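> predicted structure and sequence below. I'll ask about it afterward.
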Amino acid sequence: MSASPFDPTPQDRFSFGLWTVGNPGRDPFGSEVRPRLSPVHIVKKLAECGAYGVNLHDNDLVPMGSSARERDAIVAEFRRALSDHGMCVPMATTNLFSHPIFKDGAFSSNDPRVRAFALQKTMAAIDLGVELGARVYVFWGGREGVEADACRDPRTAILRMREALDFLCGYVESQGYDLVFALEAKPNEPRGDIYLPTTGHMLHFISTLKHQARVGVNPEVAHENMAGLSFVHAVAQAMEADKLFHIDLNAQKIGRYDQDLRFGSEDLKQAFLLVRLLEGTLGGKRYDGPLHFDSHAYRSEDEEGVWDFARGSMRTYKILKAKAQAFDADPEVRGLIRERRDAALDPLLSGACTPQRIAALKALQLDPDAIAQAGLAYEKLDQLMMEHLMGVRA
Ligand code: GLT
Ligand code: MN
Ligand code: MN
């Protein structure tokens, strides 16, 4: 029974990928340290931990090369497990990176046979996702990149990726599927450089697509961090554009390989600011989509450690949510971040660029030296935030 208010429940909309809790701990320097867990077992254990959903790549569930009969049997067994444990599949995606055919990309490859195979595989994986009830379909172009940059004009790669997404949106429409796409950026790894390396790049790319309304982003903490950028700002830009369709929560030390650590286990301050943004405790629209943890347990762990990792990820989110609510309800904090109101100036700073506004702004008498004199008390504000985080202020 739920003893702590921070224990996760299905209402919290937490999900994990089969590839995340199922990660057996292989890395470039060593082999598996844990046995592989079956998808059915993962569904059962995640439900026990309090998650509501499980996400998958096509081949996390159905091995490549399975016959139609094998596929149907696997899917039927998995669907039974979902319904037995009250779990759903909020998101699905395609593995366009493991098989050697994708060694030089999928949609951006110079070889039309590879591009055709990638489209074929993705259509089948979309059918699978929809059959399992997924409403969001992620595209992570892990291999869409280069080491030998001379191999193609990078503009051609972008054009090919646009053609692929335009086609696949058309496919979804032709089938009448209720499905949106979420594009996930990453600057490098496994390629030396990956095209469309940040969420900002993706947001612009989306504005060039035929079916823009169907396409949003799936930002990942670790990936934006690898580029040395603020993840919170990337997510904010996506939310402001109504394009945050999904999110990959994890943790990452700056300047490293993609660590995919347990959410909140590094840079607690950014994690706090992220939860504050997603939950809208400062005001503004909340994110109400799935909260997906794209991370895995340390290589030191056995299976029990994997479930500790899963429960820890969800508890940290809920604890940070409570901290964000307390922070934004704190009268001292509210006093420090109150916006200055000015009845004469405010109307001049928004709305259409009319001749009256232009004239009034040009005629304004402002004293920059006087305005610049006051300190902003951000030291106080930041320390207050740290004290909330450190638990000495409730
Ligand atoms: C892979 C990658 C993730 C993506 C997954 C979706 S697969 O594990 O590292 O960031 O979200 O394809
Ligand atoms: Mn991810
Ligand atoms: Mn990652």
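Perfect, thanks for sending it. Residues are numbered from 1 along each chain as shown. Ligands and ions are numbered 1, 2, ... in the order given.
> ok, residues contacting the one helix or strand residue 47 maps to?
Per DSSP states H and E, residue 47 falls inside helix 39-49. Here helix 39-49 makes contact (CB atoms under 8 Å, 6 or more residues apart in numbering) with 8, 16, 18, 21-22, 37, 54, 56, 60-61, 77-78, 81-82, 84-87, 307, 310-311, 314. Using the backbone N, CA and C atoms, a C-beta is placed for each residue, glycine as well.
> counting only strands, which of these make the cut?
The strands, defined by DSSP state E, take in 16, 54, 56 from the contacts of helix 39-49.
> circling back: residues of the helix holding residue 47 that come out buried?
By 16 or more other CB atoms under 10 Å, the buried positions in helix 39-49 come out as 39, 40, 42, 43, 44, 45, 46, 47, 49.
> where does residue 229 land in three-state SS?
Following DSSP: H, G, I helix; E, B strand; the rest coil, we place residue 229 in the coil state.
> now it. Nearest residue, chain neighbours left out?
Ranked by CB to CB, 6 or more residues apart in numbering and with sequence neighbours excluded, the top spatial neighbour of residue 229 is residue 198, at 6.3 Å.
> in terms of pLDDT, where does the one you found sit?
On pLDDT, residue 198 comes in at 98.
> CA atoms only for stretch 7-21 - export them in CSV, please.
Output of stretch 7-21 as CSV, limited to C-alpha atoms (Å, rounded to 0.1, in the frame of the first residue of the first chain):
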residue,chain,number,x,y,z
ASP,A,7,4.9,6.9,-4.4
PRO,A,8,3.9,6.9,-8.0
THR,A,9,0.4,6.1,-9.2
PRO,A,10,-0.9,5.7,-12.8
GLN,A,11,-2.5,9.2,-12.6
ASP,A,12,1.1,10.5,-12.6
ARG,A,13,1.5,9.4,-16.3
PHE,A,14,5.0,7.9,-15.8
SER,A,15,6.4,5.6,-18.5
PHE,A,16,9.5,3.6,-19.3
GLY,A,17,10.8,2.1,-22.5
LEU,A,18,11.3,-1.6,-22.8
TRP,A,19,14.9,-0.7,-23.7
THR,A,20,15.4,1.4,-20.5
VAL,A,21,14.5,-1.0,-17.7
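> how far away from the center of its chain is that stretch?
Mean-position distance between stretch 7-21 and its chain equals 14 Å (CA atoms, centre = their mean, to the nearest Å).
> check stretch 268-275 too.
Put simply, stretch 268-275 sits 14 Å off its chain's centre (CA atoms, centre = their mean).
> buried residues, it. List them.
Applying a neighbour-count criterion of 16+ other CB under 10 Å, one finds 268, 270, 271, 272, 273, 274, 275 buried in stretch 268-275.
> quickly find the element holding the second one.
In this assignment (DSSP H and E), residue 270 forms part of helix 268-279.
> between the helix holding residue 47 and strand 53-57, how big is the angle?
Relative orientation of helix 39-49 versus strand 53-57 (axes from the mean of the first three to the mean of the last three CA atoms, to 10 degrees): 150 degrees.
> measure how far helix 39-49 is from the centre of its chain, please.
The chain centre lies 22 Å from the centre of helix 39-49; the measure is CA atoms, centre = their mean.
> and it, average pLDDT?
According to the model, helix 39-49 has a mean pLDDT of 98.
> cool, stretch 65-72 as well?
Per-residue pLDDT over stretch 65-72 has a mean of 98.
> picking up where we left off before, can I get the buried residues of stretch 268-275 in TSV with pLDDT?
Shown next, in TSV, are the buried residues of stretch 268-275 (pLDDT from 0 to 100):
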residue	pLDDT
268	97
270	98
271	98
272	98
273	98
274	98
275	98
